[in-house]
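**Q** When you get a sec, could you give me coordinates for this:
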Amino acid sequence: VRLKVQDRGRWGEVQLRRVVEMAGMIERCDFDEQVSVKGDAGLQRPDLIIRLPGGKSIIVDAKAPLSAYLDALEVADDAERETRLKHHAAQVRAHISQLSSKVYWQQFDPTPEFVVMFLPGEAFFGAALQYDPSLIEFGAERSVIAASPLTLLALLRTVAHGWTQEQLAENARQISRLGRDIYDRLCKMVEHLIDLRKKLDGAVEAYNATVGTIEGRVLPSARKMRELGVTATRELETLGPVEVATRRLQAAEFTDAAAEPPALDAEVVAVPAAELEQG
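**A** Numbers count the residues shown, from 1 in each chain. Below is the predicted model of the structure:
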């Protein structure tokens with residue numbers, strides 16, 4: 001791999017961005033880039049902050065030293081190449097110590113679980129481990145985890161899956177709340193229907209009572225007035241029965257509470273005038 005000196009510093013950040021995109025993480029939702037925080041150790045600016053479900057976070061640093069390893073690829077002498085690879089391992093160890101000394105867990109809220117030292121190629125960390133096999137334990141003791149693109153991709157995919165599950169759980173909670181609201185509103189609606197039926201039944205009762213008054217008291221007097229010679233310009237219209245009754249709620253949910261009075265059949269019964277006069 002041949003890179004210009006001015007491009008080496010950006011290579012890690014570019015590779016980090018590619019890994020994040022492959023992981024399917026959404027900017028400003030699952031992570032934040034280049035966030036600056038000023039603390040006792042000065043201005044801290046990690047390359048990436050991964051937000052975890054539950055309020056935790058992970059800091060990712062992509063500024064691991066690569067110059068010694070890249071220089072080793074450009075030399076033909078085996079001894080010189082080995083010297084530069086050893087220097088590369090020493091640089092990685094020194095960068096782990098540097099990241100640990102930044103104490104990100106004191107600068108960021110929520111406190112990060114650990115700091116990820118991102119190396120933009122699988123070979124970078126493999127070469128460092130070849131000449132310093134204790135790097136993994138050295139970093140773990142200092143809450144610094146070295147990660148290649150594949151390792152970080154697996155980590156980000158796990159985090160993205162966690163956010164998916166968190167969203168599903170939140171959707172389930174909202175559905176549960178919405179279901180309770182709908183059921184409460186249904187109960188209220190049924191209460192209104194029962195009240196409306198009572199009022200309709202009351203209206204039918206009032207209608208029947210009025211018809212009874214007309215036939216029992218008003219019509220007999222009207223007939224006598226006709227017999228006495230009182231003339232009228234209009235004839236009485238036929239007063240038919242109320243044939244529509246309110247429909248009862250017959251579903252199983254409503255039968256236990258069906259202690260309401262039965263719906264009245266409001267059919268008007270014609271009473272002969274002779275019987276009314278005799279009564």
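**Q** remind me, longest helix of the protein?
**A** helix 149-213 (DSSP state H).
**Q** Report the angle between the next helix or strand after that one and helix 149-213.
**A** Going down the chain from helix 149-213, the next helix or strand is helix 219-227, by DSSP states H and E. For helix 219-227 against helix 149-213, the angle between stretch directions is 50 degrees (axes from the mean of the first three to the mean of the last three C-alpha atoms, to 10 degrees).
**Q** Which positions in helix 219-227 come out as buried?
**A** For helix 219-227, the neighbour count (16 or more other C-beta atoms under 10 Å) marks no residue as buried. (C-beta placed from N, C-alpha, C; glycine too.)
**Q** Send me that helix as CSV with only the CA atoms.
**A** Extracted in CSV, the C-alpha atoms of helix 219-227 (Å, rounded to 0.1, in the frame of the first residue of the first chain):
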residue,chain,number,x,y,z
LEU,A,219,-111.2,11.4,21.0
PRO,A,220,-114.4,10.7,23.0
SER,A,221,-114.8,14.4,23.6
ALA,A,222,-114.1,15.2,19.9
ARG,A,223,-116.8,12.7,18.9
LYS,A,224,-119.4,14.3,21.2
MET,A,225,-118.6,17.7,19.7
ARG,A,226,-119.2,16.3,16.2
GLU,A,227,-122.5,14.9,17.4
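**Q** Let me see the mean pLDDT of it.
**A** Averaged across helix 219-227, the pLDDT comes to 84.
**Q** what do you get for stretch 167-177?
**A** Stretch 167-177 shows a mean pLDDT of 89.
**Q** And the longest helix of the chain, what does it pack against?
**A** Where contact means 3 or more C-beta pairs under 8 Å, 6 or more residues apart in numbering; DSSP states H and E, helix 149-213 is packed against helix 5-22, strand 48-51, strand 57-61, strand 112-118.
**Q** Just the angle for that helix relative to strand 112-118, thanks.
**A** 130 degrees.
**Q** and Ala76, how many neighbours?
**A** 6 (other C-beta atoms under 10 Å).
**Q** Now do the SS call for it.
**A** coil (DSSP: H, G, I helix; E, B strand; the rest coil).
**Q** that older thread, could you dump the helices and strands packed on helix 149-213 to JSON lines with mean neighbour count?
**A** As requested, the helices and strands packed on helix 149-213 are exported to JSON lines (neighbours: other C-beta atoms under 10 Å):
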{"stretch": "helix 5-22", "mean neighbour count": "15"}
{"stretch": "strand 48-51", "mean neighbour count": "21"}
{"stretch": "strand 57-61", "mean neighbour count": "22"}
{"stretch": "strand 112-118", "mean neighbour count": "22"}
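**Q** Glu82 is nearest to which of the ones you listed?
**A** helix 5-22 (21.2 Å; C-beta to C-beta).
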